[in-house]
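# here is a sequence together with a model predicted from it:
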Number of protein chains: 2
Amino acid sequence: MDASSFDFSSWAGQQRQAIEQALEQWVGMDAPAGLGQAMRYAVLDGGKRLRPLLVLAAAQAVGGHPPAALRAACAVELIHAYSLVHDDMPCMDNDSLRRGKPTVHVQFGEAQALLAGDALQAQAFELLTPDSAADAADSIPPAMQAQLCRILARAAGAQGMAGGQAIDLASVGQRLDEAQLRQMHRLKTGALLEASVLLGAACGQADAAAQAALLRYGQALGLAFQVVDDVLDVVADAATLGKTPGKDAANDKPTYVALLGLEGAKALAQSLYEEASSALASSGLGAQAHVLQALAQQLVQRSH
Amino acid sequence: MDASSFDFSSWAGQQRQAIEQALEQWVGMDAPAGLGQAMRYAVLDGGKRLRPLLVLAAAQAVGGHPPAALRAACAVELIHAYSLVHDDMPCMDNDSLRRGKPTVHVQFGEAQALLAGDALQAQAFELLTPDSAADAADSIPPAMQAQLCRILARAAGAQGMAGGQAIDLASVGQRLDEAQLRQMHRLKTGALLEASVLLGAACGQADAAAQAALLRYGQALGLAFQVVDDVLDVVADAATLGKTPGKDAANDKPTYVALLGLEGAKALAQSLYEEASSALASSGLGAQAHVLQALAQQLVQRSH
C-alpha cells in the first residue's frame, strides 16, 4: 500500500482507541488523596495524541515490539500532559482554558496541579519499566526499557523540553532572530516530537541509515509543528483551537509569524514538510514508512 | 571490621566528596537560559546527602557495581532536591529559607523554580541510563539501568513521594490517626529513603533473603527519619536546623509529636531503629552491613 491509498484517519482512529484505553487503564490508578483524579483529568479525553501516534507509526515502520510501542506512546503523552499542566500555572502562562476545559490548577488548585504534573513525569518512566516478573504478557526486553528511558529523559530535561521552556521564559519581550527562535522551539516542542519518532524506532530493529533518516524526519516535523502552531494562533478562533487564541502576541512572545510574516511562516512549514518527506524517502524503509508520511501531511494541514 | 570499630564519619566524608564531585560535574551542565544555574543552586553545596549515602552503603553491602551506585546515589538526590524546590513554592509550603539560603523561587523566580524542579526529575532518569557506546568507562548493564529506573520511578510517583505529598496537602487541619500518619510518611519521605536502599541493592547481587531484609531496613529507617524530623521541628532552633522551625505546628500539619507527645515520638524513633537493626542482623550480609548499621544510628541520633 502506498501513501496515497492509505486511509490515515481510519488508522489514527484505531490507534487512538488503543491509546485511550491504555491511558484509561494506567494513569493515576490507586493514587491517593485526589491526586489520581487530577492526573486523569490532565490526560484523559483530550488532545490529538499526536506524539503517541508518532511513536506507533515509527514503531510500525521498523517492525517494532507492540507492547513496548504502546507503553512508549503513553509515556511520551504523560510527559506532554505534565508539561501542559505546569505551563498553564499562574507563575508560567497563567492560562485558564485548555482543550475547552478549565486548566488543572483552576479545577483542582495550584498545589495539586504541581503534584499531578510531577507524578505524571514519574509515571512516564514507570510505564517504560514494567517488571517482567510481575506481568509476563507485557514483557519488554530490559535493554529496550533502558533505551526508551534514555531517549525520553533526554528529551524531557534541561537539554530538551524543560530547557526550551527556560529559553521561552527568558525570551519574553526580547527580539529573537530566526536561529534563536529555531533553537527555542527545537527544544521546547521539537525535542519531544523528535523523541516520539526515536522511541518508536527503538521498539524495533532499524539500521543506522534508517535511524538517521528517522531522526531527520523527527527534527523537521518537530519544527514544522511549532510553525503551524504559530500560524494557527493568528488565524484560528477559540472554538476551533480549544484554547485562547492570540495569546502569544498578547504576551509579547516571539513567534514565526512575528518574525517571517504570515505567508513566510506558511512557506517555512511547507519546506519543513518537504524535508520530512525527503528524509523518509531516503530511509530505506520504503512502503513501511507510509504512515509517517501521512502523519507529516496531516500535521502541516491541520486546522487546530 | 564490626560496626563498633567502624569510623562512620570518615567513611561518610569520603563518600560525600565523591557525591559532590559527581553532582558538580553532572547537574544542569549545558542547560540554557539560567536553568542550569537554578538546578545547580538547588542541588550543590547543600544537604546531608543522606539518600546518596544510603545508596552507597547498600551497594557496598552487596558488592555493588561502583559506577552504577554513584549514578543511582546522584539520581535519588536529584529527585529529593526537585521535591524540595517544588515543596517550597508559594502554592505549597511557601518557604523562603532552605539550608540557610533563600529558596530557589525566591532566588530565581517561581517559573524558573518550577522548571528547575521538572528538569531535575528528568535528569535523575538520564543519570541512570548512560549510553555505553558513548562512555564505555561508565558502562552499566542495560538490565541494571532498567531496574534502577523502575525503582526510582515508583518511589517518586503517585504511589510514592508525590502521593505522600498529596496526602499531606489534604491533611492540613485534619486529625489523622497513627495509621493514616504512618501511611502519609511512608509515601512522602519513606518511599525515597526505602528506594535508596533498594537502588543500592540493585547495583549488586543480593539473594532474596538479603533483598527482603534490606527492604525491611529501608522501611523502618524511612519512617524513623520522619519521626526524628518531627521531634527536631519542636526541639531545635533555626540555626541548627537550617530552616524555619515550628513550621509544621504553625501550619497545623499533623506530626508524630502532636499525635504521640514528645517522649512518645522519641520512643517510636528508638523502636524503629531497633527494627532496622534487627532486619540487618537477619540479612545474612554479616559484617558487610556495618555501614548500613552505622547510618541508621546516625540518623536517629542526628540533631539537624
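Perfect, I can see it now.
# what comes up buried for the strand or helix carrying residue A:279?
Per DSSP states H and E: residue A:279 is located in helix A:256-281. Within helix A:256-281, the residues scored as buried using 16 or more other Cβ atoms under 10 Å in any protein chain shown are A:256-260, A:265-266, A:268-269, A:272-273, A:275-277, A:279-280. (C-beta placed from N, C-alpha, C; glycine too.)
# how about the strands of the stretch 101-250 of chain A, start to end?
A:101-102 (DSSP state E, counting those that start in this stretch).
# just the helices in it please.
A:104-108, A:110-127, A:142-156, A:161-171, A:178-185, A:191-202, A:208-235, A:238-241, A:247-250 (DSSP state H, counting those that start in this stretch).
# which outside residues touch the first one?
When contacts are defined by Cβ atoms under 8 Å, 6 or more residues apart in numbering or on different chains, helix A:104-108 is touched by residues A:34, A:37-38, A:41-42, A:85, A:88-90, A:96, A:98, A:101, A:112-114, A:116-117.
# pick out the most distant pair among the buried residues of helix A:256-281.
A:258 and A:280 (30.9 Å; Cβ to Cβ).
# what is the helix holding residue A:279 packed up against?
helix A:178-185, helix A:208-235, helix A:290-301 (3 or more Cβ pairs under 8 Å, 6 or more residues apart in numbering or on different chains; DSSP states H and E).
# any idea which of those scores lowest on pLDDT?
Comparing mean pLDDT across the helices and strands packed on helix A:256-281, the lowest value falls on helix A:178-185: a mean of 86.
# mind listing what's buried in that one?
Neighbour-count burial for helix A:178-185 [16+ other Cβ under 10 Å]: A:181-185.
# render the CA-only coordinates of it in CSV, please.
In CSV, the C-alpha atoms belonging to helix A:178-185 read as follows (Å, rounded to 0.1, in the frame of the first residue of the first chain):
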residue,chain,number,x,y,z
GLU,A,178,15.4,33.1,13.4
ALA,A,179,18.3,31.0,14.7
GLN,A,180,17.4,31.7,18.3
LEU,A,181,13.7,31.1,17.7
ARG,A,182,14.5,27.8,16.0
GLN,A,183,16.7,26.8,18.9
MET,A,184,14.0,27.6,21.4
HIS,A,185,11.4,25.5,19.5
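# other SSEs contacting it?
Short answer (3+ Cβ pairs under 8 Å, 6+ apart): helix A:178-185 packs on helix A:161-171, helix A:208-235, helix A:256-281.
# let me know which of these is the nearest to residue A:199.
helix A:208-235 (9.8 Å).
# can you find the helix or strand of chain A with the lowest average pLDDT?
In chain A, no helix or strand scores lower on mean pLDDT, DSSP states H and E than helix A:238-241, which sits at a mean of 56.
# hmm, back to that, nearest to residue B:159, out of the helices and strands packed on helix A:178-185?
helix A:161-171 (23.9 Å).
# so what pLDDT did the spatially closest residue to residue A:85 that is not a sequence neighbour get?
The shortest distance from residue A:85 to any residue other than its chain neighbours is 4.2 Å, reached at residue A:117 (Cβ to Cβ, 6 or more residues apart in numbering or on different chains). What the model reports as pLDDT for residue A:117 is 98.
# and for residue A:117, the neighbour number?
Neighbourhood size, residue A:117 [other Cβ atoms under 10 Å in any protein chain shown]: 30.
# ditto for residue A:141
The number of residues near residue A:141, taken as other Cβ under 10 Å, comes to 14.
# and it, what is it in contact with?
Contacts of residue A:141 (Cβ under 8 Å, 6+ apart): residue A:65.
# gap between it and residue A:272?
34 Å (Cβ to Cβ, to the nearest Å).
# where does the stretch 1-150 of chain A have low pLDDT?
A:1-5, A:133-138 (pLDDT under 70).
# pull up the residues of the stretch 1-150 of chain A that are close to chain B.
Within the stretch 1-150 of chain A, the positions adjacent to chain B are A:28, A:30-36, A:39, A:82-83, A:86, A:89, A:91-92, A:109-112, A:114-115, A:117-119, A:121-126, A:128-129, A:131, A:142-143, A:145-147, A:149-150 by Cβ under 8 Å from any Cβ of the partner chain.
# can you check the stretch 151-300 of chain A too?
Residues of the stretch 151-300 of chain A lying near chain B (Cβ under 8 Å from any Cβ): A:152-154, A:156-160, A:162-167, A:169-171, A:187.
# swap the cut-off to 7 Å and go again
Within the stretch 151-300 of chain A, the positions lying close to chain B (Cβ under 7 Å from any Cβ of the partner chain) are A:153-154, A:156-159, A:162-163, A:165-167, A:169-170.
# list the contacts for the residue most central in space within chain A?
Centroid check for chain A by Cα atoms, centre = their mean gives residue A:51 as the closest residue, at 3.7 Å. By Cβ atoms under 7 Å, 6 or more residues apart in numbering or on different chains, the contact set of residue A:51 is A:76-77, A:80, A:192-193, A:196.
# before we move on, the earlier item: can I assume the residue nearest to residue A:85 is in contact with residue A:87?
No - at 9.1 Å, residue A:117 and residue A:87 do not qualify as touching, with contact defined as Cβ atoms under 7 Å.
# against residue A:56, how distant is residue A:292?
Taken as Cβ to Cβ, the span from residue A:292 to residue A:56 is 10 Å.
# check residue A:47 too.
15 Å.
# of those two, give the one with the bigger neighbour count.
residue A:56 (30 against 19).
# the more buried one and chain B, how far apart?
22 Å (Cβ to the nearest Cβ, to the nearest Å).
# quick check: angle from the host helix or strand of that residue to helix A:191-202?
Using DSSP H and E, the element containing residue A:56 is helix A:50-61. On the basis of axes from the mean of the first three to the mean of the last three Cα atoms, to 10 degrees, helix A:50-61 is oriented at 30 degrees to helix A:191-202.
# how distant is helix A:50-61 from the center of its chain?
Centroid displacement of helix A:50-61 relative to its chain, using Cα atoms, centre = their mean, to the nearest Å, is 11 Å.
# got the buried residues for the helix or strand following that helix?
Using DSSP H and E, the next helix or strand after helix A:50-61 towards the C-terminus is helix A:66-87. Going by neighbour count (16+ other Cβ under 10 Å), the buried part of helix A:66-87 is A:67-87.
# what's the answer for stretch A:29-42, then?
A:31-42.
# quick one, what contacts residue A:92?
Counted by Cβ under 7 Å, 6+ apart, residue A:92 has contacts A:86, B:111, B:114.
# put together CSV for the residues you listed, with distance to residue B:7 on each row.
As requested, the contacts of residue A:92 are arranged in CSV below (distance: Cβ to Cβ, whole Å):
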residue, distance to residue B:7
A:86, 45
B:111, 45
B:114, 42
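# specify which member of those is nearest to residue A:203.
For those, the nearest to residue A:203 is residue A:86 (27.8 Å; Cβ to Cβ).
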